[in-house]
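Colleague: turn this into a structure:
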Amino acid sequence: MILAATAHHAWSSWLSWLLVAVAVLAAGLPLAGPALRRRYPVAWWLALGYPAACLRVVRTWRPLMAGCGLAVSRKAALTVVSGIVGNGAPPPEPRVPRFGFIRPTAAGFWMLARLLPGQTPEDFVKAAPAMAHAWEVHAVRVTTWKPGVVRIAASPTDPLQSPRIAARRGGGRLLHVVVGVLETGAEWVLDLRRVPHWLIVGATRFGKSTLVNALVAGLAPQPVALVGIDCKGGMELSLYGPRLSALATNRAQAVNLLAALVDLTTDRMAVCRAARVRNIWGLPDKERPVPVVVIVDEIAELFLIASRSEKDEAQAAGTALIRLAQLGATLGVFLVVAGQRVGSDMGPGVTALRAQLAGRVCHRVSDPGTAEMALGDLNPDALKAAQAITPEQAGTAVLASGDGWERARSHLISEEEAQAVAEKYAHLTPYLAELSDAMRDDTSAMTVRLERLDDDK
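Modeller: Alright, predicted model coming up:
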């Protein structure tokens, strides 16, 4: 009896302390909650936000499907039979799509839903805003998972408003750079080995230069050669001068430099042919030439013409860029072409070049034609998303490739920081004699290269 009384007293005492602790925690949570959420966003989401979101999804799924027209009525015959047999009982509830396990992520959750006969993924895409409101999340994205199944992903907050993933500038895979964050909260990676050539468009002060800064900052510590073409006198790319193996600041220099790059790919082609390999990645490490990343800022400056001589230069530059895009991926030459405006009215070479640039990034642009040129041939949904970027969403971009499209935002890397990174890794700048010789800005050298490119055509 004494032992039982003692145990009961200990249990009562422990329970009292537990209730006090819970009460204190409940009272302090509203005060400390915002600070904890800012400091430990992932832990906060997994511990509190995710369970609450799951309850909202389960509670609202059936009425949400019915309200969005995604519920299918039972057959009329079953309704009649249920009324007779059930003696006036209500008819069976309509069928709704089934969803699977709600899987958490660091910045949201996703699940799979099976379509009912007659439904298409577009029906769920139209219902995405209603899902976001019902589940009290920032956005819902619906994509096709496989025939008959869609993937529904929800983001409780906007990760593009304050990216939390830090850019990794060194120690990663070659030509693999984390430049920002995706709308899903995942890292935004530009992998030039997977998608070798990119087109980046955007109006002034809407994120294009910031993205280039992030790309250069990520490539600077890597064993690659960076080459710049900035026909606005080098105002943009000269910041990275210490880390550039070559920089063309006008169209005459650009033609020479591009022609030299074409010659470089031809030489590498001969090396691969002699070694009986199909690309430079099949060569031994000691024999493999250094990868070259060519950054072209303001592509319009290469194609705009005002005289016959400028027309020849523009055609030569366009021809060289197209050849580099066609041959470069296997020979270690990669293109990143940026511009405020890109349109077919700049010449047929622009459209042909665009077809070779498989990766596209579109920030807010000043004219719809540029967005159409960047994304229209890849994905109409991506085009609509890019055209919906508001002036308040500076830095937000839509990126698309053959794999699909995403909304993203690059890390904010200032010009001063990018310049400091270039100076820090200046000792890694490879010396390429072919490109250094091409920077002689003399008329005879340019004439010879123009004739060579005309012969190649």
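
Colleague: show the pLDDT at I152.
Modeller: On pLDDT, I152 comes in at 93.

Colleague: V125: which element?
Modeller: helix 121-135 (DSSP states H and E).

Colleague: buried set for that helix?
Modeller: Of all the residues in helix 121-135, those buried under the rule 16 or more other C-beta atoms under 10 Å are 121, 123-125, 127-128, 130-132, 134-135. Yep, even glycine has a C-beta here, placed from its N, CA and C like the rest.

Colleague: what about the helices in the stretch 251-400 of the chain?
Modeller: Ranges of helices within the stretch 251-400 of the chain are 251-275, 300-303, 308-331, 348-356, 368-375, 380-387, based on DSSP state H, counting those that start in this stretch.

Colleague: low-confidence ranges, the stretch 1-150 of the chain, go.
Modeller: For the stretch 1-150 of the chain, the stretches flagged by pLDDT under 70 are 1-38, 74-92.

Colleague: can you map out the helices along it?
Modeller: Counting by DSSP H, counting those that start in this stretch, the stretch 1-150 of the chain has helices at residues 2-39, 41-44, 50-67, 76-85, 121-135.

Colleague: how far does stretch 104-120 sit from its chain's centre?
Modeller: The chain centroid and the centroid of stretch 104-120 are separated by 22 Å, computed with C-alpha atoms, centre = their mean, to the nearest Å.

Colleague: 144 is where my numbering starts, stick with that
Modeller: Sure, I'll start counting at 144 from here, so that last one is stretch 247-263.

Colleague: ends of stretch 374-386, how far apart?
Modeller: Across stretch 374-386, the terminal residues are separated by 18 Å (C-alpha to C-alpha, to the nearest Å).

Colleague: before we move on, back to that, just give me the closest of the buried residues of helix 264-278 to T287.
Modeller: P264 (4.8 Å; C-beta to C-beta).

Colleague: that closest one against T287, yeah?
Modeller: Yes: applying C-beta atoms under 8 Å, one finds P264 in contact with T287, separated by 4.8 Å.

Colleague: anything in contact with each of those two?
Modeller: Common contact partners of P264 and T287 (C-beta atoms under 8 Å, 6 or more residues apart in numbering): V293.

Colleague: ok, and the closest non-adjacent residue to W278?
Modeller: Setting aside the residues directly before and after it, W278 is nearest to R199 in space (C-beta to C-beta, 6 or more residues apart in numbering), at 4.9 Å.

Colleague: let me fix that: G490
Modeller: Distances taken as C-beta to C-beta, 6+ apart put F446 closest to G490, at 5.2 Å, once the chain neighbours are dropped.

Colleague: in the stretch 494-600 of the chain, which spans are strands?
Modeller: Using DSSP state E, counting those that start in this stretch, the strands of the stretch 494-600 of the chain run over 502-505, 539-544, 547-553.

Colleague: before I go, just wanted to say thanks for your time.
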